[in-house]
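I would like to see how this sequence folds:
(one chain, ligands or ions: 1)
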Amino acid sequence: MKIAVAAETRDGEARVALVPELVGKLTALGYDVAVEPGAGMHALLSDDEYVEAGATIDADAITDADVVVSVQPLDVDRIRRLRRGTATVSFLPTTFEQAVVVDLRDCGITAFAMELVPRISRAQSMDALSSQALVAGYRSAIVAAGMLRRFFPLNMTAAGTVQPADVVVLGAGVAGLQAIATSKRLGAVVRAYDVRAAAAEEIRSVGAKSIDLELETLEGSGGYAREMTEDRAARQRELLTPYIAAADALITTAAVPGRQAPMLVTGAMVEQMKPGSVVVDLAAERGGNCELTRPDETVHHKGVIIIGPSNPPALVPYHASQMYSKNIVTFLTHLLGKTGAQQASLPIDTSDEITRETLLTQNGSVVHQRVRELVFASFCMFEEVEDPFFLH
Ligand code: NAD
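Numbers count the residues shown, from 1 in each chain. I've put the predicted structure just below:
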């Protein structure tokens, strides 16, 4: 059984799905590991390191693989090079990438999406959303500290006392809590806000002050937030304005699963910030939490700098790849079992929750019910669909 590691082709993607350090975990189970040339290059991992770890380097690694692992979904040209029945394991944001789902279906690929790993305790070490959000949160604080023309920490020196920076973090999930913890380690005074009730205690536990706006909390399912009504959003923006005006650095990380990012900060709110202040918007790829964010651009607005990296984990590719690889190897070991390498075909057991929840397409069908409905709805919007059962 052969596992191929694809070289990433999307702009700005510097991570790799399997680091040499973890190749041995798969070869020890009997898998052959083949890596496309240069796959680890942007994460500072050479082809030689893969070979030393027991993998082969092969430009055609994906064409006869049983499983292809990648960070981003494969592009259509590469999907068409796979054998029918090949399994792919990657991130695949189904709300935004339905065309890829259809290509995978039509090519008979058995596709798994890492963001659909259920957030249950036995799946924690496969939770790539969390591992990569942690990297993004760390990076956001480093970017804010680097762009700010002031210190983050308090400094009491013979040359006088320097006051610490005020940092505000909006959204205190995995990324937000890491942004808080990193800003605290750098010495800033941090305040944070999140719509979930449980977040206040989590914010305090990493050393920040929790902002209480005395608004109703918004719990959705699975421990995530719920979308705000426009009235609630307007009130939240109004109440947050003085906190944001006082901040030297604002880091926004708010998200609602499957939706565009909530708009938390208007241009008018940014105009209340002091010149030289910095906004780092981690929601840039999903529309941004700040009205002025432009993905991957540095926007200067009345003296305030707004930065919205579209793929922040890729800015720390070495450790982001290491953590993602651990998620991938645990997922593959779970999926294929300890004896998967000895089987004639991939042993996909859909009675298992983790396998079932992450499986998108199999044998030419979209098998994930929610994704199937999404794909159907989006194609009905753009195309004349004569056959209501076109979604086989
Ligand atoms: P996420 O990326 O979907 O959202 C980021 C944060 O934005 C969330 O905390 C959310 O509440 C917040 N948010 C949404 N709308 C907002 C708004 N209008 N204003 C302010 N904040 C807003 O979430 P996430 O970081 O992936 O995780 C969210 C929760 O899931 C956390 O409680 C986390 O601890 C929990 N979690 C559990 C597991 C597990 O059980 N295995 C794993 C990871 C995360």
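
Next, find the distance separating Ser131 from the ligand.
Per CB to the nearest ligand atom, to the nearest Å, Ser131 is found 10 Å from the ligand. C-beta: built from backbone N, CA, C; applies to glycine.

what residues does the stretch 201-350 of the chain put near the ligand?
With the criterion set to CB under 6 Å from any ligand atom, the stretch 201-350 of the chain comes near the ligand through 223-225, 228, 253-257, 262, 264.

Need the residues you listed in JSON lines (columns: pLDDT, distance to Leu104 and secondary structure).
Below are those laid out as JSON lines (pLDDT from 0 to 100; distance: CB to CB, whole Å; DSSP: H, G, I helix; E, B strand; the rest coil):
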{"residue": "Gly223", "pLDDT": "82", "distance to Leu104": "29", "secondary structure": "helix"}
{"residue": "Tyr224", "pLDDT": "88", "distance to Leu104": "26", "secondary structure": "coil"}
{"residue": "Ala225", "pLDDT": "90", "distance to Leu104": "30", "secondary structure": "strand"}
{"residue": "Met228", "pLDDT": "90", "distance to Leu104": "34", "secondary structure": "coil"}
{"residue": "Thr253", "pLDDT": "98", "distance to Leu104": "30", "secondary structure": "coil"}
{"residue": "Ala254", "pLDDT": "97", "distance to Leu104": "30", "secondary structure": "coil"}
{"residue": "Ala255", "pLDDT": "93", "distance to Leu104": "25", "secondary structure": "coil"}
{"residue": "Val256", "pLDDT": "89", "distance to Leu104": "26", "secondary structure": "coil"}
{"residue": "Pro257", "pLDDT": "83", "distance to Leu104": "21", "secondary structure": "coil"}
{"residue": "Pro262", "pLDDT": "96", "distance to Leu104": "30", "secondary structure": "coil"}
{"residue": "Leu264", "pLDDT": "98", "distance to Leu104": "34", "secondary structure": "coil"}
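
Please indicate which of these are buried?
Neighbour counting with 16 or more other CB atoms under 10 Å marks 225, 228, 253-256, 262, 264 as buried within those.

The ligand contacts on the stretch 51-200 of the chain?
Counting by CB under 6 Å from any ligand atom, the residues of the stretch 51-200 of the chain that sit close to the ligand are 119, 124, 127, 129-130, 133, 170-176, 193-196, 199.

Can you give me the neighbour number for the residue of the stretch 151-300 of the chain found nearest the ligand?
Residue of the stretch 151-300 of the chain nearest the ligand, by CB to the nearest ligand atom: Gly173 (2.0 Å). Here the number of neighbours of Gly173 (other CB atoms under 10 Å) works out to 21.

swap in Arg294?
The tally of other residues near Arg294 (other CB under 10 Å) stands at 15.

Report how many residues lie close to the residue nearest to it when sequence neighbours are not counted.
Distance criterion CB to CB, 6 or more residues apart in numbering; nearest residue to Arg294, sequence neighbours excluded, is Gly308 at 6.4 Å. Neighbours of Gly308 under the rule other CB under 10 Å: 25.

Report the contact partners of Gly308.
280-285, 288, 290, 293-297 (CB atoms under 8 Å, 6 or more residues apart in numbering).
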